[in-house]
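Novice: Show me how the following folds:
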Amino acid sequence: MFRGHRAPELDDDPTTELPPAYEQLGPYRLVAKLGEGGMGVVHKGLDERGDEVAIKVLRAHIAHDADARDRLRREVSTLSRVRHDSVAPVLDADVDGDRPYLVTRYIPGPPLDEVVEEHGPLGPQQLVVLGRGLAAALREIHAVGVVHRDVKPGNVLMVGDDPVLIDFGIAHVADDVRLTMTGLVMGTPGYLSPEVVEGAEVTESTDWWGWAATLAFAASGQAPFGRGPMPVVLDRVTRGQPDLSGVDERLRPLLESALSPVPEHRPSAELVLAQMQEYAAGGHTTGIPLMSRPPVVDKPTTERIEQAAPPAQSVPPAPVGRPVTEPIATAPARGAASSTQHTPVVPATQVNPVRPLDPTGLLPKPAVAPNPGQRPPGPQPMGGQPAPYSVSQPPLGTSPYADPAGTQAARWRGGPGPGPAPASRWSPPQADGRIGKPARSWTLMALLAAAVGISAVWPVLGLTLIVLWSVGARLLDRSMTAMVMRRFEGGRRKTDGVMAVVSSPWHAIRAALATLFALLVPVFVGGCAAVTTALVLAMQGNDDPRLDRSFPIAIGALLACWVLWWGPGGTSMRRGSRSIVRGALPSDPLTKIVVGLLAAIAVLCFMVAAGKGGEISWWPLSGGPSWSLNDWLPDLPEV
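Specialist: Take a look at the predicted model:
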């Protein structure tokens, strides 16, 4: 299916124009640069027989890094276990030489995102071929205990209508060129699954999520989670809010279910293939349960439902509890694949050996019993390019050899035998350290009470503290998120701390601007609440309608803080606030002491306000305005 192109042989005519001198790497000639990343460069090369190959070479300053070599070695190990027409195999590798490299088949086809950009969304029959081809490739790599983690349009090359899955390894990394050209922040990081975004466990279900996102793009021509700032898109991903309005309604139920943010509630491999068979026959994929936000339970389990006779070409379920094969250290010998049937591709996104999920059977019609599951605690941008290996990247595609999906492999331990396997744990270096940590809600409530109490007596001081907290929380969240994304793209680096310090002024400016805009709605709501409270008190005859009193200010501050927390732009503040509290109060005894002190401050402030008859202090200012509503409102009747 995939044949390499033999280079034309030179004759003995001395007048024949000789090609330019090419760089030699082992037995290969490097004839053109196809793409590059922060860690590696992808070259088009010729082997000793003149067949075209794709060669991924570690950069000189990376070649001496043991971790980089290990990642390349794991990629070789992974690809050597996969044998499928829809996965480009490894042909040769030299991991221990002065210039470590990996040789794979060369696929001249364009990436899927470029095909869709140029020709529009795929038709039903093309979607069937694409869906089946990718599904077959995923089942093959899952069968050897591997998960791809970065299935997306840019990592699917199209040879006619047939897909070839690429990007299993290292040329991906935090390449500055790629981040600049695709715009990780400004682009669409909507092809990272919720569990990858949140640093949770990665399973086979992760790839089926990517499969669904890729098909949704191919069917509609639009990224399923839209475009925009990274936090916005990632929030849609983790909430399970895709836009599938442009997808064929017959296919939409399957994709909606497969894009669930809860891995345990996505359809199994055999159910996906059975429904694709139904779609190919002109039917609707209605045998799919939609469970976008199921309840969280402590121990996820997967019940097997007795399966009705599947369609004729349905693929049987994968074995459960298959022992995982550990990555091997040796590279495969050259010539492992036929030299006459290849067309090389350099894969590049990290893969992780995992325990296969228990399959969920297909009910006769139309639903599958939901399995209780637990949601894990909780980009890739799109672009385009003129050729599958090109470095330039227009808006809708990315180089198939630049891998944004991470480079750190993780080992899994799954118990063999039937039935649910023990829960796995994954702690990659690039995982978000905030995931799975306690929310510290009681501590934050105590902080809120103290802030409202201080505002009731010293409103200027209270408002200042609230604004400073908002800026600090957003600054910390942005810094931590940037760190997570850098490590996700390129792994841990010695310069992580330096980069965090250097980028902190920029994050501070963005945090201040975000706080400024985020305060607009809370100030309006808080002001309205304070005015309403003052009017109610005035109508009861207790006092003139004045805003410079403790009770209206306390009510306004409380509602303003509530809107600031839960309103527009509040996600970053919530994450940052919890990170501040967890970092400042690491131990439970210390937390209890601080919560008690904050509660005491709140009570003391309200006692002071009551003792002063509602009078406020403008400290640290020397004085303040007299906010009487009598200047703006007519006399109000007493009640």
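Novice: Please point out which parts of stretch 576-591 sit buried.
Specialist: G576, S577, R578, S579, I580, V581, R582, L585, T591 (16 or more other CB atoms under 10 Å). The C-beta positions use only the backbone N, C-alpha and C, and glycine is treated the same way.
Novice: oh, I was asking about stretch 104-122
Specialist: Buried residues in stretch 104-122 (16+ other CB under 10 Å): 104-117, 121-122.
Novice: likewise stretch 278-285?
Specialist: Neighbour-count burial for stretch 278-285, counted by 16+ other CB under 10 Å, picks out E278, Y279, A280, H284, T285.
Novice: Dump that stretch to CSV, restricted to CA.
Specialist: Extracted in CSV, the C-alpha atoms of stretch 278-285 (Å, rounded to 0.1, in the frame of the first residue of the first chain):
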residue,chain,number,x,y,z
GLU,A,278,-24.4,1.2,11.3
TYR,A,279,-23.5,4.6,9.9
ALA,A,280,-21.9,3.1,6.8
ALA,A,281,-25.1,1.2,6.1
GLY,A,282,-27.0,4.5,6.2
GLY,A,283,-28.3,4.2,9.7
HIS,A,284,-28.2,6.4,12.8
THR,A,285,-25.7,6.0,15.6
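Novice: which outside residues touch that stretch?
Specialist: 124-125, 127-128, 131-132, 249-254, 275-276, 287, 311 (CB atoms under 8 Å, 6 or more residues apart in numbering).
Novice: Show me how to select, in ChimeraX, the buried members of these.
Specialist: This is how ChimeraX selects the buried members of the contacts of stretch 278-285, with burial counted by 16+ other CB under 10 Å:
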select :127,128,131,132,251,252,253,254,275,276,287
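Novice: Tell me the one of the contacts of stretch 278-285 nearest V151?
Specialist: Distance to V151 across these (CB to CB) is lowest for G131, with 11.8 Å.
Novice: any idea which element the closest one lies in?
Specialist: Element membership of G131 [criterion: DSSP states H and E] is helix 124-143.
Novice: And that helix, what does it pack against?
Specialist: strand 162-165, helix 204-220, helix 269-280 (3 or more CB pairs under 8 Å, 6 or more residues apart in numbering; DSSP states H and E).
Novice: would you turn these into JSON lines with distance to S455?
Specialist: Output for these, formatted as JSON lines (distance: least, CB to CB, whole Å):
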{"stretch": "strand 162-165", "distance to S455": "57"}
{"stretch": "helix 204-220", "distance to S455": "45"}
{"stretch": "helix 269-280", "distance to S455": "54"}
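Novice: Ok, which of those comes nearest K612?
Specialist: Of these, nearest to K612 by CB to CB is helix 204-220, at 58.5 Å.
Novice: list the helices and strands that closest one packs on?
Specialist: Using 3+ CB pairs under 8 Å, 6+ apart: helix 204-220 touches helix 112-119, helix 124-143, strand 146-147, helix 194-197, helix 252-258, helix 269-280.
Novice: Turn these into CSV, including mean pLDDT and distance to I466.
Specialist: Formatted as CSV, these follow (pLDDT from 0 to 100; distance: least, CB to CB, whole Å):
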stretch, mean pLDDT, distance to I466
helix 112-119, 92, 44
helix 124-143, 91, 49
strand 146-147, 84, 44
helix 194-197, 82, 29
helix 252-258, 92, 40
helix 269-280, 87, 49
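Novice: right, and these - which one's nearest A560?
Specialist: Among the helices and strands packed on helix 204-220, helix 194-197 comes nearest to A560, with 30.6 Å by CB to CB.
Novice: what's around H64, how many residues?
Specialist: H64 is flanked by 11 other residues according to other CB atoms under 10 Å.
Novice: One more: P620?
Specialist: 9.
Novice: Could you do M483 as well?
Specialist: Using other CB under 10 Å: M483 sits among 19 other residues.
Novice: and it, what does it touch?
Specialist: D496, M499, A500.
Novice: What separation do you get for the second one and S479?
Specialist: When CB to CB, to the nearest Å is applied, the distance between M499 and S479 equals 10 Å.
Novice: which one of those two has more residues nearby?
Specialist: S479 (21 against 14).
Novice: correct me, but that one touches A500?
Specialist: Yes: between S479 and A500 there is a contact at 5.8 Å, judged by CB atoms under 8 Å.
Novice: so what's E48 up against?
Specialist: Contact analysis of E48 by CB under 8 Å, 6+ apart lists P27.
Novice: where's it, which helix or strand?
Specialist: E48 is part of no helix or strand when elements are defined by DSSP H and E.
Novice: where does it sit relative to A88, distance-wise?
Specialist: Distance of E48 to A88, computed by CB to CB: 20 Å.
Novice: if we can go back for a sec, can you give the contact residues for the helix holding G131?
Specialist: Helix 124-143 is contacted by residues 82-84, 86-87, 112, 122, 147-148, 151, 156, 161-165, 204, 207-208, 211, 214-215, 218-219, 248, 250-251, 269, 272-273, 276, 279-280, 315, 318, 322, 351, 354, 356 when judged by CB under 8 Å, 6+ apart.
Novice: Repeat the analysis, applying 7 Å as the threshold.
Specialist: Applying CB atoms under 7 Å, 6 or more residues apart in numbering, the contact partners of helix 124-143 are 82, 84, 86-87, 122, 148, 156, 161-163, 165, 204, 207, 211, 214-215, 218-219, 248, 251, 269, 272-273, 276, 279-280, 315, 318, 356.
Novice: Would you mind listing the buried residues in it?
Specialist: Applying 16+ other CB under 10 Å to helix 124-143 flags 126-143 as buried.
Novice: burial count for A216?
Specialist: Residues within reach of A216, counting by other CB under 10 Å, total 27.
Novice: Quick check: pLDDT value at it.
Specialist: Predicted confidence (pLDDT) at A216: the value is 95.
Novice: residue contacts, it?
Specialist: P224, P242, L244, V247, L255.
Novice: For the third one, what are phi and psi?
Specialist: It refers to L244. Recorded main-chain torsions at L244 are phi -110, psi 20, according to degrees, to the nearest 10.
Novice: Next one: the nearest residue to it once chain neighbours are set aside from P224, what distance?
Specialist: Closest residue to L244 apart from its sequence neighbours, by CB to CB, 6 or more residues apart in numbering: R252 at 5.2 Å. Per CB to CB, R252 is found 11 Å from P224.
Novice: Next, show the common contact partners of these two.
Specialist: With CB under 7 Å, 6+ apart as the test, R252 and P224 both reach L244.
Novice: looking only at pLDDT, what's the mean for the biggest strand by length in the chain?
Specialist: Criterion DSSP state E: the longest strand present in the chain is strand 28-36. Averaged over strand 28-36, pLDDT sits at 83.
Novice: elements contacting that strand?
Specialist: strand 40-46, strand 52-58 (3 or more CB pairs under 7 Å, 6 or more residues apart in numbering; DSSP states H and E).
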